[in-house]
Structure formats: C-alpha cells, structure tokens
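> structure for this input, please:
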Amino acid sequence: MPYLTTKDGAKIHYKIQGKQSGRSLTLLFIHGWCSNLEHWAPQAKYFGRSHRVLRVDRRGLGKSTTPGSGHTAQQHADDIAAVAKAAGCSRVVAIGHAGGAPATLELARRHPRLVKAVVIVDAGMYPQPKIGDPKSSFGMVLGPMIDAMQGAHGKAAFKQMYQGFFGPKCDKKVARQAVADAMRTPLPLAIEELKVMNVSTQRIAEDVDQPVLWLTASGVDQAYISKHLKQVQFAQVVGSGHFPQLEVPEQTNAAIATFVTQL
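Okay, the predicted model is just below:
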C-alpha cells in the first residue's frame, strides 16, 4: 500500500494502476469533501485498460493521515503534485470532484508542467465566499453547513447532508457505502475540509491555462465559467445526484474519455 510522507509529516495514501505506453497521459483522480480514492473505482477499472491511473486520498481523508494542519487548497495541491512525482507521472489530466475542485484547479495553476488538462466533476465556480452575506450565494451555503456541524447535533447534521448528495435513482448500496465512508471522518476535520472550499475558485481559474472539461449533474452558468477559464468545454450527465462518478459511471467515463481523446 503506497504512501508518501510530506515534509510536515502527513502520510498521503495513493493507488496507481493501469497501462503506461509512450507519451500517454496519466489520469489523476482527486476526490471531494470527506470522500476517498475508492469513490473513483469505476473510473479506475474503466480507464486502467488504456491509461495509467493515479488516485489519491487527500491528507486526513481515506487512508491518509494529517498532522492537524495544511487543510488548504494550496497544500492539497502540493501534496498531490509530490505524489505524482513519486509515482513517476510527468503528464497528467487532473480530475477533481466537488469539494476537491479547489485543490484540482490549484494543482493546475501551481504545477502547470505536470497538469496538461483538467476535468471538474459536479462543482461550482464562485468568487470569494462571504459567510453570512446574503449576496454571496456560496457563502450562504457554506455558513449554514459549518454552523450545523458545529452544533449540538453535528454528527447527525453531517450524515443528513451527505445522504442528500445522492439522487433517487442511485443504487442504495452505493450511497450507503459512500455515506458510511464519509462518517469515518472526524467531525472537526470535516469542518476544516469545508473551509478548504472557502476560496475564490473564480480567481484560481483565471490563472489556469490548460484545457478544462466542466462536467455536471445539473445546469451551470456556462457563460460565467467561460468568462474565467481560457479553454473550457461543458458536459452534463442525466439521472444523477452529486456523485456522477458513482451514480452514472458509464456517462461520466464517456465524457472524460471523449475529452481526453481530444488532447
């Protein structure tokens, strides 16, 4: 079971599999909030037949450890870049889900020689959130989530939030397992990881030069996103909640494969 130990003592768990041929790109999968690398298992199985596949547990999540600090998009990005280097990956497509999107965009911005393209899966783009400000749409999402988890019934609130991420057509066993995985995250860490999203993904995106696929389960403001990314395409799956990679893996895989083929 491979791990990389960072300079500050975090042990980052990762899995690498699949084929490496010539100058083929490695597909690097970055999970979302309180998720783990196993939530990309359908993609690893599918793409492992044609590509090298690298999956990473972000610090403190999955089987990775944390020294209790470094829970920022920038540090997550640097952790992941170090893992990619240790695994011998020099050209990657960085694929990030939901709460992993800030780290994925930061990875592209901070390590442009490593990241050749980006896929964002069911995440929004937003300016700096202002918690408590009615004019800040994402701030009005983050604030109540943090408040609920810091309250007397924080664990129950956390579970209820996570259960709500899955659509009605999702396989119940798949949803139950993902929720159970998330519930293993200590509540203080889950709150810290929410704060990772308290950044301007709009500002980060403006410095991303690589091609981007923005893949969602529901509609997004394409004009707004296009304004802040230099090269972006859009795709939308149907019949999915917030975890399209688990709920509709065939559609997700097809969209990613089409994008990667164009690179």
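
> so which bits of stretch 135-146 are buried?
For stretch 135-146, a neighbour-count test (16 or more other Cβ atoms under 10 Å) marks 136, 138-139, 141-143, 145-146 as buried. For glycine as for every other residue, the C-beta is placed from the backbone atoms N, C-alpha and C.

> contacts for that stretch?
124, 126-127, 129-134, 161, 191, 194-195, 197-198 (Cβ atoms under 8 Å, 6 or more residues apart in numbering).

> how does it look with 7 Å?
Stretch 135-146 is contacted from outside by 124, 126, 129-134, 161, 191, 194, 197-198, using Cβ atoms under 7 Å, 6 or more residues apart in numbering.

> what about Pro134, neighbour count?
Counted with other Cβ atoms under 10 Å, residues neighbouring Pro134 total 8.

> how about Pro102?
Residues lying near Pro102 (other Cβ under 10 Å) number 24.

> quick check, it in a helix?
Yes - looking at Pro102 with DSSP: H, G, I helix; E, B strand; the rest coil, it is inside a helix.

> pLDDT value on it, please?
On the pLDDT scale, Pro102 is placed at 98.

> contact partners for it?
Contact partners of Pro102, counting by Cβ under 7 Å, 6+ apart, are 73, 196-197, 199, 201, 204.

> rerun at 8 Å
Pro102 neighbours (Cβ under 8 Å, 6+ apart): 73, 76, 196-197, 199, 201, 204.

> grab the nearest non-local neighbour of it.
Nearest non-adjacent residue to Pro102, counting by Cβ to Cβ, 6 or more residues apart in numbering: Ala73, 3.8 Å away.

> in this structure the one you found contacts Val196, no?
Yes - Ala73 is in contact with Val196 according to Cβ atoms under 8 Å; the separation is 5.6 Å.

> what's the overlap in contacts for these two?
What both Ala73 and Val196 touch, as defined by Cβ under 8 Å, 6+ apart, is the set 102-103.

> export the buried residues of stretch 135-146 to TSV and tack on pLDDT and distance to Pro112?
Below are these laid out as TSV (pLDDT from 0 to 100; distance: Cβ to Cβ, whole Å):
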residue	pLDDT	distance to Pro112
Ser136	95	30
Phe138	94	26
Gly139	95	29
Val141	94	30
Leu142	96	28
Gly143	95	33
Met145	96	32
Ile146	96	32
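
> so which helix or strand takes in Leu4?
Leu4 belongs to strand 3-5 when assigned by DSSP states H and E.

> using neighbour counts, pick out the buried residues of that strand.
Leu4.

> quick revisit: top of the contacts of Pro102 by number of neighbours, please.
Neighbour-wise, those (other Cβ under 10 Å) top out at His76, 27 neighbours.

> and that one, helix, strand or coil?
Going by three-state DSSP: His76 is helix.

> excluding its backbone neighbours, what's nearest it?
Per Cβ to Cβ, 6+ apart, closest to His76 is Ala103, 3.7 Å.

> do I have it right that that neighbour meets Ala77?
Yes - between Ala103 and Ala77 there is a contact under Cβ under 8 Å: 5.1 Å.

> the two: who's more crowded?
Set Ala103 next to Ala77 and count neighbours by other Cβ under 10 Å: Ala103 wins out with 30 against 26.

> following the helix or strand harbouring Lys173, which helix or strand comes up?
Lys173 belongs to helix 172-183 when elements are defined using DSSP H and E. Once helix 172-183 ends, the next helix or strand along the chain (criterion: DSSP H and E) is helix 187-195.

> and Lys195, how close does it get to Ile16?
For Lys195, the distance to Ile16 equals 29 Å [Cβ to Cβ, to the nearest Å].

> look at the two and report which has more neighbours.
Taking neighbours as other Cβ under 10 Å, Lys195 and Ile16 compare with Ile16 leading, 21 against 13.

> noted, bye for now.
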